[in-house]
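Asks: Fold the stuff below for me.
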Amino acid sequence: MTIDFIFDGPDDAKQTILLAHGAGAAMDSPFMNEMAAGLAACGYRVARFEFPYMAKRRVDGRERGPDRAPVLIETYQQVVAQLGTPEKLVIGGKSMGRRIASMVADDLGVRGVVCLGYPFHPPGKPENLRTAHLQKMKTPTLICHGTRDPFGSPDEVAGYGLSDAVSLHWVPDGDHDFDARKKSGHTQAANIAAAASAMDDFVKGTG
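Replies: Numbers count the residues shown, from 1 in each chain. Alright, predicted model coming up:
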């Protein structure tokens with residue numbers, strides 16, 4: 001499988017952060033572009049890639065749903081293998097991409113995992129939890145999650161019994177894309193910048 005990457009940040013950076021996209025937006029969506037730029041400004045080499053269904057969409061423009069979980073998992077494993085030295089790699093992504101990263105992290109032996117909005121459950125279906133593996137995580141993990149994200153509220157997440165390896169950065173008034181209401185006094189740009197700073201502190205702490 002040929003993987004096409006977008007790289008940001010210095011080529012000689014000591015640390016690479018690998019980010020996968022969410023279910024509905026490509027690796028170069030405005031959100032992913034801003035987040036990659038923020039991490040690159042912190043001195044990281046940021047690598048982005050697309051799962052097969054999204055790569056096909058880029059070629060022919062046809063809307064497709066995400067690949068099945070085994071394909072997503074195998075793709076993420078191949079991407080990590082292509083980048084090499086997983087013990088020096090921090091992996092993660094946006095929503096679905098981050099979920100797949102967290103599912104393969106322990107087996108791959110990566111340095112850490114970063115999440116940009118985790119889909120703890122489908123919106124409006126809090127009973128359909130996707131947290132079982134997060135309760136067993138051994139790899140240091142940071143979840144950056146909006147306080148208004150419909151995929152899991154602060155009160156809900158507090159009761160999930162997540163592993164001690166998992167820490168949280170709450171994005172103030174943020175939705176699933178970290179956007180905030182004007183009346184809150186927060187902005188999406190500031191929230192993305194704060195999340196990048198939290199990720200920077202997290203990665204430094206895993207060294």
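Asks: Now the phi/psi pair for Ile143, please.
Replies: Torsion angles at Ile143 (phi, psi; degrees, to the nearest 10) stand at phi -110, psi 120.
Asks: so it touches Cys115, yeah?
Replies: Yes - taking contacts as C-beta atoms under 8 Å, Ile143 lies within contact range of Cys115: 4.2 Å. Bear in mind the C-beta positions are built from the backbone N, C-alpha and C, glycine included.
Asks: list the residues that contact both of those two?
Replies: Common neighbours of Ile143 and Cys115 (criterion: C-beta atoms under 8 Å, 6 or more residues apart in numbering): Arg98.
Asks: Name the residues of the longest helix seen in the chain that are buried.
Replies: In the chain, assigned by DSSP state H, the helix with the most residues is helix 188-205. For helix 188-205, burial by neighbour count (16 or more other C-beta atoms under 10 Å) applies to Gln188, Asn191, Ile192, Ala193, Ala194, Ala195, Ala196, Ala198, Met199, Asp200, Phe202, Val203.
Asks: With pLDDT and distance to Cys42 as added columns, please give those in TSV.
Replies: Shown next, in TSV, are those (pLDDT from 0 to 100; distance: C-beta to C-beta, whole Å):
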residue	pLDDT	distance to Cys42
Gln188	98	19
Asn191	98	16
Ile192	98	12
Ala193	97	10
Ala194	98	12
Ala195	98	11
Ala196	98	6
Ala198	98	11
Met199	98	8
Asp200	97	4
Phe202	98	11
Val203	97	9
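Asks: Let's have those residues in JSON lines, adding distance to Ser29.
Replies: Output for these, formatted as JSON lines (distance: C-beta to C-beta, whole Å):
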{"residue": "Gln188", "distance to Ser29": "13"}
{"residue": "Asn191", "distance to Ser29": "16"}
{"residue": "Ile192", "distance to Ser29": "12"}
{"residue": "Ala193", "distance to Ser29": "17"}
{"residue": "Ala194", "distance to Ser29": "19"}
{"residue": "Ala195", "distance to Ser29": "15"}
{"residue": "Ala196", "distance to Ser29": "16"}
{"residue": "Ala198", "distance to Ser29": "20"}
{"residue": "Met199", "distance to Ser29": "18"}
{"residue": "Asp200", "distance to Ser29": "21"}
{"residue": "Phe202", "distance to Ser29": "23"}
{"residue": "Val203", "distance to Ser29": "22"}
